[in-house]
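Q: Got a predicted model here, sequence first, then my questions.
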Amino acid sequence: MKGEDMGRIGLMVLVGVFMTGCAGSPPFHLGLKNGRFAPCPDRDNCVSSQSRDEKHRVAPLAYNESRESALKHLKEVVQSMKRTRIVDESNDYLRVEFTSAVMGFVDDVEFYFPHEPIIHIKSASRIGYSDFGVNRKRVEKIRELFLKR
């Protein structure tokens, strides 16, 4: 093989390794601890209704039906969106993975149903510093679809 061909093969292998690594492993801190999500890191790739700072804060979702009905409706909403997978579910918690179309980046979205009729939400990228507003836009799209009843 020519040196030029070897360079192309090397580049293709490198791109393949990079692309398969975009999903990353699920973070160890997912889930609830005393009714709270883990805080957003000091990066621009996470939003949470439990965050105290404006950079990461989004409003929780409100509902006026039973918790069971709201959870069922929320599941229908996220399952109607592209490239989603529900990975954890209980009567007051839901975790969904959203995968990007091009590079296969995975974002973890968590929902928590406390005793009051709201749904706390956290959406965070697994890797990278900035998500260019993708997580905030996703939360607002979920809100829009959830309120369309």
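A: Yep, it's here.

Q: Skipping adjacent residues, who's closest to residue 138 in space?
A: Closest residue to residue 138 apart from its sequence neighbours, by C-beta to C-beta, 6 or more residues apart in numbering: residue 123 at 5.5 Å. All C-beta spots, glycine's among them, are computed from the backbone N, C-alpha and C.

Q: can you pull out the helices in the protein?
A: Under the criterion DSSP state H, the chain contains helices at 3-20, 67-80, 134-147.

Q: least reliable of those helices going by mean pLDDT?
A: Out of the helices of the chain, the stretch the model trusts least by mean pLDDT is helix 3-20, with a mean of 46.

Q: Okay, buried residues for stretch 138-149 please.
A: 138, 139, 142, 143, 145, 146 (16 or more other C-beta atoms under 10 Å).

Q: Looking at those, spot the one nearest residue 33.
A: Within those, proximity to residue 33 (C-beta to C-beta) peaks at residue 139, which comes in at 21.1 Å.

Q: Okay, that closest one and residue 91: tell me how far apart.
A: 22 Å (C-beta to C-beta, to the nearest Å).

Q: just residue 70 next, same as before
A: For residue 70, the distance to residue 91 - C-beta to C-beta - is 11 Å.

Q: what residues do those two have in common as contacts?
A: Both residue 70 and residue 91 are in contact with residue 113, where contact means C-beta atoms under 8 Å, 6 or more residues apart in numbering.

Q: more neighbours, these two?
A: Each of residue 70 and residue 91 has its neighbours counted (other C-beta atoms under 10 Å); residue 70 has more, 20 against 9.

Q: which residues touch that one?
A: Residue 70 sits in contact with 63, 113, 117, 119, where contact means C-beta under 8 Å, 6+ apart.

Q: Kindly reformat these as JSON lines and extend each row with distance to residue 53.
A: Output for those, formatted as JSON lines (distance: C-beta to C-beta, whole Å):
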{"residue": "63", "distance to residue 53": "26"}
{"residue": "113", "distance to residue 53": "24"}
{"residue": "117", "distance to residue 53": "25"}
{"residue": "119", "distance to residue 53": "20"}
